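Asks: missing the sequence, but the structure's below:
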DNA sequence: GTGAAAGCGCTAACAC
DNA sequence: GTGTTAGCGCTTTCAC
């Protein structure tokens, strides 16, 4: 079907090996006469030869492809609407990969319900994991992963430091939010997460929240940490209850958006009755009403750095895992205001 | 390094061929005794064997990978901020690809300055082109493309119908916008595009605009079609001039956002002084101030359908190019209002 | 029922 | 300088 090295070799009257040497700059290493080289080049052009990278990579057992992996039970990430969380992360991953000459592959099996088999099926030089859904199932899968792997959103201790990790500085980020709220006069502040159990990173944030509150002698109790279902179940009850909090920090933009959506229906005004702070601070915050004040998670940088670490791991013979913590920022928009400022 | 078929064969005391047959459901076609099959399966599990898909695909000369291609001179598309144009398109492409069991590959060479060589380097079963930057250079590249290719945003006639195409119904979409504006009392309407020359699709829209205006006996002249530079150059002059238009249709969201951004600085109010309609209508419209009324381009559907057509092309021996036109929608937000309604 | 041979397109190692 | 051999991991074909 398409022109191979053999065809070029035949045309030039040499063997494929010579063609390989001429066309891939090894001419100096293994000497080929100028005349032959010229003949080969002409033949290649004449036949419109194009090196089959797939075959070449197969031979060298490299794919120059990075796979994006997420946990069992997740549905395919979407770019189109809602938080730009995944969009930002992907921008970082793609940018990093391109910088190192790698492709990024979105694979139906890797992003499907059973990534296990696709993980080490030879198509990926390395993998990036971005979920923080560390179920026993997922832990087992990652631990057995025979391919270079970097974990985004995982702390250093994860898997005894076996893998390189990147994570934002949750403690500092939560601190920024509390500092902002305190500055506005808030003292009764809560943190809310979604799901049955707090995810690993939610746990980290909860701990950070407690410490940062305690350090400022702000009240923390059982009721400071709130939980809602995957669909926001329980939010209405909380909002319409006579809770004490004047401000709430949500674990992510989706959760914050649910609060912003439900509050007015229940006669609760944001930010007049309650200030809301989100997490991530992608451009999506500007779509919300009111625009969402949020802790900025440096997702592009996380993706970017993850690839740096991954390429390190791929290239090194005996890689030493590295662990990056990237500072958060804070973007003030319209969902927070001074207490009693009505 | 990793466990191969050979290893399993050795463990089970058979040849790799038998392993291949047992493990890939060909047991019925070429009979293998139950006992042998069982032994092979046990060996595979014992050794933790995982079929190397890369090698298998290499052998069958398929990659099950679709590449995303854009024109020379474009920079890498971003998901993170601005219009969600590319995000929506990718959602459709990924969704379609996954539905057919294909991976989507973002390749630095394919999305770089010189895609030519990467186009047919063996790594892609098919390609999706989404640019409408049909320079001579790009036309030549596409025409020579030896790999199945589908063009998004291209009309049927493109390349004499050689490739399958998907495009939104620009004529109908522009009609929806004009209808909406007319309904609000506007008669002096302009269309604006960006760049030195109108892109192919801009040309289509310009023609659609002229026809749709003429059909309603609305005024169209030289000055109805406006042009700005790639950075919005000329917009300020237009906005601060004593133009006659009461409404303007922008070729895309970026261009509309530039108008929304610049107008207030020049003392022009949107929509009081001029109504603005955008094109694409991604979630980004909700980030703008005022929220942008826009013609909805079904980008997810375009991406989705492009993959259907592409897989058709890949699978068929002698594919017949097909040409899809997908209707637009219209989303009324806050950047348009009745004329003289102040 | 099972195995031997051959080859996808390319290149490293070694011969001459 | 150039060619021969061999092999990446897999599967199709054909022989037994």
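Replies: Yep, that arrived. What you see is a predicted model, and the numbers here were worked out from it, not measured in a lab.
Asks: burial check on residue A:310, number of neighbours?
Replies: Per other C-beta atoms under 10 Å in any protein chain shown, the neighbour tally for residue A:310 reads 27. Glycine gets a C-beta too; all of them are placed from N, C-alpha and C.
Asks: for residue A:330, same thing?
Replies: 17.
Asks: ok, it - contacts?
Replies: Listed by C-beta atoms under 8 Å, 6 or more residues apart in numbering or on different chains, the contact set of residue A:330 reads A:173, A:176, A:177, A:180, A:281, A:294, A:295, A:296.
Asks: which of those residues ranks first by neighbour count?
Replies: In the contacts of residue A:330, the most neighbours by other C-beta under 10 Å go to residue A:294, 31 neighbours.
Asks: for that one, which residues make a bridge with it?
Replies: Note on residue A:294: beta-bridge partners by DSSP bridges are residue A:278, residue A:331.
Asks: could I get the pLDDT score of it?
Replies: At residue A:294, the model reports a pLDDT of 98.
Asks: can you tell me the SS state at residue A:193?
Replies: strand (DSSP: H, G, I helix; E, B strand; the rest coil).
Asks: ugh, wrong one, I meant residue A:81
Replies: Secondary structure for residue A:81, judged by three-state DSSP, is coil.
Asks: in strands, which of the contacts of residue A:330 fall?
Replies: With strands defined by DSSP state E, the entries of the contacts of residue A:330 inside them are A:294, A:295, A:296.
Asks: and DNA strand D, which of the residues you listed contact it?
Replies: Near DNA strand D, judged by C-beta under 7 Å from any atom of the strand, there are no entries from the ones in strands among the contacts of residue A:330.
Asks: out of those, who's nearest residue A:222?
Replies: Distance to residue A:222 across the ones in strands among the contacts of residue A:330 (C-beta to C-beta) is lowest for residue A:295, with 23.4 Å.
Asks: any idea how far the closest one lies from residue B:194?
Replies: Distance of residue A:295 to residue B:194, computed by C-beta to C-beta, to the nearest Å: 35 Å.
Asks: same thing with residue A:32?
Replies: From residue A:32 to residue B:194 the distance is 50 Å (C-beta to C-beta).
Asks: so for the two, which residue has more residues nearby?
Replies: With neighbours defined as other C-beta under 10 Å, residue A:32 and residue B:194 compare such that residue B:194 has more, 23 against 20.
Asks: give the contact list for the more buried one.
Replies: For residue B:194, counting by C-beta under 8 Å, 6+ apart, the contacting residues are B:227, B:228, B:229, B:230, B:232, B:251, B:252, B:254, B:255.
Asks: wait, is the fourth one part of a helix?
Replies: No: Residue B:230 is assigned coil when assessed by three-state DSSP, not a helix.
Asks: can you give me the neighbour number for it?
Replies: By other C-beta under 10 Å, 9 other residues sit near residue B:230.
Asks: that one touches residue B:193, doesn't it?
Replies: No: the criterion here is C-beta atoms under 8 Å, and residue B:230 misses it with residue B:193 at 11.0 Å.
Asks: so how far is residue A:234 from whichever residue of the stretch 201-342 of chain A sits closest to DNA strand C?
Replies: Using C-beta to the nearest atom of the strand, the closest approach of the stretch 201-342 of chain A to DNA strand C is made by residue A:317 at 15.7 Å. Computed with C-beta to C-beta, the distance linking residue A:317 and residue A:234 is 51 Å.
Asks: try residue A:16
Replies: Taken as C-beta to C-beta, the span from residue A:16 to residue A:234 is 67 Å.
Asks: equivalent analysis for residue A:115, please.
Replies: 31 Å.
Asks: more crowded one of these two?
Replies: residue A:115 (22 against 14).
Asks: and the nearest residue to residue A:88 once chain neighbours are set aside, what does it touch?
Replies: Closest residue to residue A:88 apart from its sequence neighbours, by C-beta to C-beta, 6 or more residues apart in numbering or on different chains: residue A:299 at 3.7 Å. Residues in contact with residue A:299 (C-beta under 8 Å, 6+ apart) are A:85, A:88, A:89, A:91, A:92, A:280, A:282.
Asks: does chain B have contacts with stretch A:7-18?
Replies: No: Stretch A:7-18 stays clear of chain B (C-beta under 8 Å from any C-beta of the partner chain), getting no nearer than 13.9 Å.
Asks: same deal with stretch A:113-122?
Replies: Yes: contact of stretch A:113-122 with chain B (C-beta under 8 Å from any C-beta) involves A:117, A:118, A:120, A:121, A:122.
Asks: near DNA strand D, which residues of chain A are found?
Replies: Counting by C-beta under 7 Å from any atom of the strand, the residues of chain A that sit close to DNA strand D are A:13-15, A:17-18, A:21, A:30-33, A:35-37, A:58-59, A:61, A:122.
Asks: domain assignment for chain A?
Replies: The record's domain parsing of chain A by automatic domain parsing lists A:5-51, A:65-169+A:299-325, A:170-297.
Asks: any chance of those in CSV, with distance to residue B:169 too?
Replies: What follows is the domains of chain A, written out as CSV (distance: least, C-beta to C-beta, whole Å):
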stretch, distance to residue B:169
domain A:5-51, 37
domain A:65-169+A:299-325, 20
domain A:170-297, 27
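Asks: out of those, nearest to residue B:73?
Replies: Taking the domains of chain A one by one with C-beta to C-beta, domain A:65-169+A:299-325 is closest: 16.4 Å.
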